[in-house]
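[1] Have a look at this fold, sequence not included:
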């Protein structure tokens, strides 16, 4: 059972990595980057959040740099986005759903890793969010635009809820695997609903640029 | 006496954190970021410099991520800048003075922390400056603009003077607490005077963009 | 002989540092940064890649912050670019050649350092590239533009080839110093030829911005 859960996580983790890498590669292609740039953005978007988290908790070297399946997944995503670019627009909706999977898995796995390293709840929540959204922030900074997750949509806040449930459940003494499933469902559900119903966090309209 | 000095530092540190967070939140609001984005910018501006310093000296996890008063201060600053936005323009001058307090305290505390970890003078000065200005640089990069501290005003150079005095005083064997007060006065005074008299570092005008 | 090789490396390393610092200082000046900003960009461009590498492998504090010759070289480059700016355009070609030296030395030295720390081949290649191009990426991000190395020219890919040769040679059991010379020649040659013949990696034209 633990083995099965573990395998499911590995698959969800790679699905999320793939979706993040696709978003990086497509954005890079749209800005006219070259082949290397497209691959670099795919990898950075997929692994950047986890790398920042690992630097902050002293997990040296960061798993994003050592674990070959991540690099391979980013490479495949970059190639897919170059060769089958005409499909990408057709596949926008599936990719957004995969991206929501990635957001959820990364937020929960990030918070769990921080707790496993023995750090406090605040670190777990902040770095759970960072794991989930850091790659997308780096992607946007490298492409010279304000990170989209700071501007609209329930995105980082869904990651915060996911990481928060992991922390709360751990504090209350529940089994971490069960808590993680609950957190995954809430985080994914919140993100999926916000996509479906176009929910956004409030902004302050008159000051918009 | 040591206790009193210590308490004054804690208060100055929180004043600086608050001022930096306000500057992040206000800039985020002006760019139309959502509620989460405003909070994220407030926190990043306030804690980003110290987090970079801690990563560079191996202080894991960075204090900005573990110490709840910083997170709370950033949260309050974000709420203040959202709810009492009309006050912000009126309060520009006090906020600039608080910001100068933050600059000074962060530069001196940053340099002291590096020396306490046993690293050399160069690291202390470079990371003293980084502690003081790193958050503002991250704020501007996330908002897609060239960091303002690189473009005009005596700002990072005041931090450099503050960190430099700490290093020089330590090298000469003076008491670190007394040296810190001298460094604080010089750094704050330099920044305050540059605000008051509109001092700027030279640029090379014909090449300006 | 080992001593001679070592001395040549130190000289090549400083030549590369100087060329990178010049590119940072000139770009900063063209964007109208002040004196401090020009120096900050010179230093960041020269040392940024190595600092990111050192953070990722736990070499604390990063050598870019502790080793005074780097700081001094960046300072001299900043002064040169301010005082002798009219020469810079005349010297574009030599600077590009020096920059290619820097790219090669940084990529090979970066990969070697990672291997010396006992990390795997993937980390050595990824951080070899990062050492070589990280400073230039930070320079462009700080100046609010999409990193030029992601957009055109054989640049990061030459670094990848250099780091890859180091890894391959190590895997095959060749002497690391001989392998490094081969890697230097290939990396520099590839970059130099791409400059000379205006080689570029392919982009996807219709989506260019």
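    Happy to help now that I have it. The structure displayed is predicted, hence computed values, not measured ones.

[2] how close does residue A:83 sit to chain B?
    Distance of residue A:83 to chain B, computed by Cβ to the nearest Cβ, to the nearest Å: 31 Å. Backbone N, C-alpha and C define where each C-beta goes, glycine included.

[3] Which residues of chain A lie near chain C?
    Within chain A, the positions adjacent to chain C are A:28-37, A:40-41, A:51, A:55, A:58, A:60-62, A:65-66, A:68, A:71, A:82, A:85, A:141-144 by Cβ under 8 Å from any Cβ of the partner chain.

[4] What's the PyMOL syntax to select whichever of those are buried?
    To isolate the buried members of those in PyMOL, using 16 or more other Cβ atoms under 10 Å in any protein chain shown:
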select buried, chain A and resi 28+29+30+31+32+33+34+35+36+37+40+41+51+55+60+61+62+65+66+71+82+85+141+142+143+144
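
[5] all strands of chain A, in order?
    Counting by DSSP state E, chain A has no strands to list.

[6] List the buried residues of the helix or strand of it with the lowest mean pLDDT.
    The helix or strand of chain A with the poorest confidence is helix A:85-90; it has a mean of 72 (mean pLDDT, DSSP states H and E). Neighbour-count burial for helix A:85-90 flags A:85, A:88 (criterion: 16+ other Cβ under 10 Å).

[7] Contacts made by it with the rest, please.
    For helix A:85-90, contacts defined as Cβ atoms under 8 Å, 6 or more residues apart in numbering or on different chains pick out A:22, A:26, A:29, A:81, A:95, C:204.

[8] how about those in TSV, adding pLDDT?
    Shown next, in TSV, are the contacts of helix A:85-90 (pLDDT from 0 to 100):
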residue	pLDDT
A:22	90
A:26	88
A:29	88
A:81	87
A:95	73
C:204	73
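
[9] what's the longest helix seen in chain A packed up against?
    In chain A, assigned by DSSP state H, the helix with the most residues is helix A:2-30. With contacts defined as 3 or more Cβ pairs under 8 Å, 6 or more residues apart in numbering or on different chains; DSSP states H and E, the packing partners of helix A:2-30 are helix A:35-57, helix A:68-83, helix A:85-90, helix A:92-116, helix A:121-142, helix A:176-197.

[10] how far away is residue A:150 from chain C?
    When distance is defined by Cβ to the nearest Cβ, residue A:150 is 16 Å away from chain C.

[11] and that residue, what does it touch?
    For residue A:150, the contacting residues are A:137, A:156, B:28, B:33, B:34, B:36, B:37, B:40, B:41, B:142, by Cβ under 8 Å, 6+ apart.

[12] Find me the pLDDT at the fifth one, would you?
    Read it as residue B:34. pLDDT for residue B:34: 89.

[13] Wait, it touches residue B:28, no?
    No: in this structure, residue B:34 is not within contact of residue B:28 by Cβ atoms under 8 Å, at 9.0 Å.

[14] what distance separates the longest helix of chain A from the centre of its chain?
    Here helix A:2-30 is found 8 Å from its chain centre; the criterion is Cα atoms, centre = their mean, to the nearest Å.

[15] Alongside chain B, which residues does chain A contribute?
    Near chain B, when you scan chain A using Cβ under 8 Å from any Cβ, you find A:55-58, A:119-120, A:122-123, A:126-127, A:137, A:141, A:144-147, A:149-153, A:156-157, A:160, A:200-205, A:207-209.

[16] mind showing which ranges of chain A have poor pLDDT?
    Scanning chain A for pLDDT under 70 picks out A:1-2, A:89, A:91, A:205-209.

[17] go again using 80 as the cut-off
    In the predicted model of chain A, residues A:1-6, A:8-9, A:85-95, A:152-153, A:198-209 satisfy pLDDT under 80.

[18] Distance-wise, check residue A:76 relative to residue C:202.
    19 Å (Cβ to Cβ, to the nearest Å).

[19] More neighbours: those two, which one.
    residue A:76 (15 against 10; other Cβ atoms under 10 Å in any protein chain shown).

[20] In space, what's closest to the more buried one - neighbours in sequence excluded?
    Distances taken as Cβ to Cβ, 6 or more residues apart in numbering or on different chains put residue A:18 closest to residue A:76, at 7.3 Å, once the chain neighbours are dropped.

[21] And for residue A:182, the neighbour number?
    16.

[22] ok, the nearest residue to it once chain neighbours are set aside to chain C distance?
    Closest residue in space to residue A:182, ignoring its immediate chain neighbours: residue A:165 at 6.0 Å, by Cβ to Cβ, 6+ apart. To chain C, residue A:165 is 30 Å away according to Cβ to the nearest Cβ.

[23] Hmm, residue A:165 is touching residue A:183, no?
    Yes: with contacts counted by Cβ under 8 Å, residue A:165 reaches residue A:183, the gap being 3.9 Å.

[24] The two - which one has more neighbours?
    Ranked by neighbour count (other Cβ under 10 Å), residue A:165 and residue A:183 place residue A:183 first, with 26 against 23.
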